[in-house]
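Undergrad: quick one: sequence plus predicted model below, questions after.
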Amino acid sequence: MSKVLAILGELSDRDIDWMIANGSKEKITANTILINEGQPIDALYIVLDGTMKAYLSAVGDKEIGIIAAGEVLGEMSFVDGRLPSATVKAIEDSLVLSISKQKLNEKLEQDVLFSLRFYRAVTKFLSTRLRGTVTRFSKHSEVVYPDSLENQNIETGVENSALARSRYETLMVRLKGS
């Protein structure tokens, strides 16, 4: 959930209204692949409900992570324009909010303040992810970096953590109700 909280903590209520109005809910049935490693994707996804797993073919389809409600998918490909580096498959029936790359790019180009807030949020959670990765692979590191925004302060990583959590709850109610 840390990624979506980072985003919701940075965006305004109006930005979130735009995401809801311009995104679409998609039901993903169990065992369905949402993102294929090395294949283009045309959306950014927020997992609303359900559980998915990420895995890499380069390491024999080894699972590299479990994705639960509140996580954002496709953000790396969105930011750098490269193909996805992992495959994401639903473990159980899931629900995602899908925001097309085209609509999101148009919004980012038209609304400079939205763009600033959006990229600031993405930068924060990608930085936190990188710090966690460095820590896991560094046996001799004396500096301990938190592994996620939850541990770091979505409480220091997001200045308005209570607001972010409130927005998340509102987002979920609005999306599940429509």
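TA: Sure, I can see it.
Undergrad: strands of the protein, start to end?
TA: With DSSP state E as the criterion, the chain has strands at 24-28, 33-35, 43-49, 52-56, 62-67, 72-73, 87-90, 94-100.
Undergrad: what's in contact with the shortest one?
TA: With contact meaning Cβ atoms under 8 Å, 6 or more residues apart in numbering, strand 72-73 is reached by 3-4, 7, 34-35, 44-47, 52, 67, 88, 96, 125. All C-beta atoms are positioned from the backbone trio N, CA, C, and that covers glycine.
Undergrad: filter those residues to the buried ones?
TA: Taking 16 or more other Cβ atoms under 10 Å as the criterion, what is buried in the contacts of strand 72-73 is 3-4, 7, 34-35, 44-47, 52, 67, 88, 96, 125.
Undergrad: could those residues go into JSON lines alongside pLDDT and distance to residue 22?
TA: What follows is the buried ones among the contacts of strand 72-73, written out as JSON lines (pLDDT from 0 to 100; distance: Cβ to Cβ, whole Å):
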{"residue": "3", "pLDDT": "72", "distance to residue 22": "19"}
{"residue": "4", "pLDDT": "75", "distance to residue 22": "16"}
{"residue": "7", "pLDDT": "78", "distance to residue 22": "15"}
{"residue": "34", "pLDDT": "97", "distance to residue 22": "19"}
{"residue": "35", "pLDDT": "96", "distance to residue 22": "20"}
{"residue": "44", "pLDDT": "94", "distance to residue 22": "11"}
{"residue": "45", "pLDDT": "94", "distance to residue 22": "14"}
{"residue": "46", "pLDDT": "90", "distance to residue 22": "12"}
{"residue": "47", "pLDDT": "91", "distance to residue 22": "18"}
{"residue": "52", "pLDDT": "95", "distance to residue 22": "23"}
{"residue": "67", "pLDDT": "90", "distance to residue 22": "22"}
{"residue": "88", "pLDDT": "96", "distance to residue 22": "22"}
{"residue": "96", "pLDDT": "94", "distance to residue 22": "14"}
{"residue": "125", "pLDDT": "76", "distance to residue 22": "21"}
